[in-house]
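J.: Dropping a prediction and its sequence here:
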Amino acid sequence: SGLCLSLNWNWRYPPAGLGALSLAVGVAVLAALRAQGIAGLALKWPNDILREGAKLGGILIDLRAEGAGPAYAVIGVGLNVALPGAARRAIAARGTTPADLAGGPGALPRRSALAAALLAGIVSTLVEFSERGFAAFADEWRAADALRDQPVRIEQGSGSVSGIARGIDPDGALLVDTGAGRERFISGEVSLRPAA
């Protein structure tokens, strides 16, 4: 019903902009899915993969870095391939509309071919990210941004903020126009939901 994989990556020295790594990996995942004939894809900041507006999967990165020393990342990707009805209902009961790869036109890709395409794309992205940072992926991420110019609510430990999503800055931080002006949110600090 799903495909979950993880990849360990090490850098001798942390590349600049490491906080935007999940966004760059999102671009790689979309490219791999599109190469398998999957359409209707978008990205939701900071780490969700959408299909026709519903959640197809996500990216989770466990990152450890030392100041002037090595950096380590475990990059996890999970995708819904062919969700059974019971799983679909359980996910929906938690407030998330699920999507899967089986729910669209065309043949369902083989899981092994999909896993190989994802890993190849992510490795290529990690090499380029090491050399050029997030700037190499920012335009593609912006083109796939599902929430740009949409009303959103950002939930934080201290409360919530509502506004209009205005994309990302060069570091991958979310920009939101609020009553207090344009605010910047960093991955890992917030939960993002479409505003009611």
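T.: Received the coordinates, thanks.
J.: contacts, neighbours, all on C-alpha from now
T.: OK.
J.: So what does the residue most central in space within the chain have for phi and psi?
T.: Centroid-nearest residue in the chain: Asn47, 2.7 Å away (criterion: CA atoms, centre = their mean). Asn47 adopts backbone torsions of phi -150, psi 20, taken as degrees, to the nearest 10.
J.: surely it meets Ile61?
T.: No. Counting by CA atoms under 8 Å, Asn47 does not reach Ile61; the two are 9.2 Å apart.
J.: Touching both of these two, which residues are there?
T.: Ser22 (CA atoms under 8 Å, 6 or more residues apart in numbering).
J.: And Leu123, how far from Val25?
T.: Careful, residue 123 is Val; it's not Leu. 9 Å (CA to CA, to the nearest Å).
J.: More neighbours: these two, which one.
T.: Val25 (29 against 16; other CA atoms under 10 Å).
J.: what's in contact with the host helix or strand of Ala86?
T.: If you go by DSSP states H and E, Ala86 is part of helix 85-93. Applying CA under 8 Å, 6+ apart, the contact partners of helix 85-93 are 97-98.
J.: Quick one: distance of it to the chain centre.
T.: In terms of CA atoms, centre = their mean, to the nearest Å, the centre of helix 85-93 is set 22 Å apart from its chain centre.
J.: Show me what secondary structure element comes after it.
T.: helix 111-132.
J.: what's that following helix packed up against?
T.: Packed against helix 111-132, as judged by 3 or more CA pairs under 8 Å, 6 or more residues apart in numbering; DSSP states H and E, are the following elements: strand 2-11, helix 21-35.
J.: what are the pairing partners of the first one, and which direction each?
T.: Note on strand 2-11: by DSSP bridges, its sheet partners are strand 71-80 (antiparallel).
J.: low pLDDT regions in the protein?
T.: 106, 187-196 (pLDDT under 70).
J.: report the longest strand in the protein, please.
T.: Longest strand of the chain, by residue count under DSSP state E: strand 54-65.
J.: Show me which residues of it are buried.
T.: 54-61, 63, 65 (16 or more other CA atoms under 10 Å).
J.: what do you get for stretch 102-109?
T.: Neighbour-count burial for stretch 102-109 [16+ other CA under 10 Å]: 102, 108-109.
J.: swap in stretch 80-89?
T.: Going by 16+ other CA under 10 Å, stretch 80-89 has these buried residues: 80-83, 88.
J.: Between the two ends of it, how far is it?
T.: 13 Å.
J.: begin at 10 from here
T.: Got it, the first residue is 10 from now on, which makes the last one we talked about stretch 89-98.
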